[in-house]
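Q: predicted model follows, preceded by the sequence.
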Amino acid sequence: MEARSFISGFCSNPIINNPIQNLSEASFPAAPSYSNQVSFKTLYSLSWKLDSREYKLQCRSSLQKVEAVSGDTEGLKSGDRKKNLAVFVSGGGSNFRSIHKAIVEGSVEGEIVVLVTNKPGCGGAEYARDNNIPVILFPGMKEQPDGLSANDLVTTLRRYKIDFILLAGYLKLIPVELVRAYPRSILNIHPSLLPAFGGKGYYGMKVHQAVIASGARYSGPTIHFVDEHYDTGRILAQRVVPVLANDTADELAARVLQQEHQLYVEVAEALCEERIVWREDGVPLIRNKENPSHYK
């Protein structure tokens with residue numbers, strides 16, 4: 001069984017004081033051209049065996065097809081360029097802060113080059129400004145005329161040379177234009193074990209209330225790739241926490257959030273190190289860092 005490793009380019013980013021008002025070509029380098037596919041020499045041709053814990057693979061050299069979404073593929077050869085990340089938030093942004101802290105400490109080999117929000121006064125946006133991360137408003141509404149359209153958002157992220165998008169408590173549906181522009185490049189974190197308790201209307205404390213009311217014995221965060229619907233994209237990683245007999249929604253939420261912070265940092269680390277591969281049936285897997293022939 002074959003798997004495809006997903007890669008995209010690395011590029012440096014401009015820092016713009018007011019990205020919403022500075023969208024001219026003079027403010028950015030010229031956008032690169034993109035190809036749908038490139039040939040890439042990979043070390044792995046997969047042969048799957050079921051272990052008591054995980055899948056294994058056997059290694060040999062083969063020529064694979066690798067999708068190139070954006071950026072400078074030449075930079076991948078040396079491995080000396082960090083991934084450019086965009087983070088989307090609507091609230092306090094605690095997962096955003098955890099990932100940023102891990103980047104500052106050096107455990108995640110990426111850089112958050114822009115924050116996107118639908119609430120410019122939220123805690124996540126304030127944290128971004130305090131750390132010199134440009135803030136973009138999306139979507140545009142009557143009360144927020146400076147917000148970008150979907151097409152303008154795609155154009156802006158391209159100019160920032162964004163490799164991956166991380167949703168961290170962003171409560172708006174991602175537009176189809178963005179999903180198509182960044183295939184297999186947008187991740188979201190949800191506070192339940194999807195596919196249970198997901199979809200439109202399941203967010204924040206509503207999720208934890210529904211879990212407790214259902215009598216479920218376990219919950220936990222899920223990180224999944226984003227498609228054109230709420231919470232239906234391919235699941236990448238999960239972490240399980242118990243639901244205690246006398247739990248309140250606040251208590252369960254705190255327990256899940258603690259695991260969210262750890263799990264999202266681990267996934268961001270794997271993403272930036274190109275350790276996420278796709279099984280031929282479309283299931284994404286994370287290659288173990290210490291033993292690349294095993295998966296988490």
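A: In hand now; what should we look at?
Q: any weak-confidence spans in the protein?
A: Counting by pLDDT under 70, the ranges of the chain that qualify are 1-80, 143.
Q: need the strands for the stretch 151-296 of the chain, in chain order.
A: Taking DSSP state E, counting those that start in this stretch as the criterion, the stretch 151-296 of the chain contains strands spanning 164-167, 186-190, 218-219, 222-225, 235-238, 241-242, 276-279, 284-286.
Q: burial of Glu111, as a residue count?
A: Other residues lying near Glu111 total 18 when counted by other C-beta atoms under 10 Å. The C-beta positions use only the backbone N, C-alpha and C, and glycine is treated the same way.
Q: how about the closest residue to it other than its chain neighbours, what does it touch?
A: Closest residue to Glu111 apart from its sequence neighbours, by C-beta to C-beta, 6 or more residues apart in numbering: Lys82 at 5.1 Å. Lys82 is in contact with Phe10, Glu109, Gly110, Glu111, Cys272, counting by C-beta atoms under 8 Å, 6 or more residues apart in numbering.
Q: hmm, back to that, include distance to Gly93 when you put the strands of the stretch 151-296 of the chain into TSV, please.
A: Compiled in TSV, these are given as follows (distance: least, C-beta to C-beta, whole Å):
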stretch	distance to Gly93
strand 164-167	11
strand 186-190	12
strand 218-219	22
strand 222-225	16
strand 235-238	20
strand 241-242	21
strand 276-279	23
strand 284-286	24
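Q: now the ones you listed in TSV, with distance to Asp146 and mean neighbour count?
A: Written out in TSV, the entries for the strands of the stretch 151-296 of the chain read as follows (distance: least, C-beta to C-beta, whole Å; neighbours: other C-beta atoms under 10 Å):
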stretch	distance to Asp146	mean neighbour count
strand 164-167	21	24
strand 186-190	23	23
strand 218-219	38	20
strand 222-225	30	24
strand 235-238	33	19
strand 241-242	40	14
strand 276-279	35	19
strand 284-286	35	20
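Q: for Val211, find the nearest of those strands.
A: Of all those, it is strand 218-219 that lies closest to Val211, at 4.8 Å by C-beta to C-beta.
Q: gap between the closest one and the chain center?
A: A distance of 22 Å separates the centroid of the chain from that of strand 218-219, by C-alpha atoms, centre = their mean, to the nearest Å.
Q: direction included, what does that strand pair up with?
A: When pairs are called by DSSP bridges, strand 218-219 turns out to pair with strand 241-242 (antiparallel).
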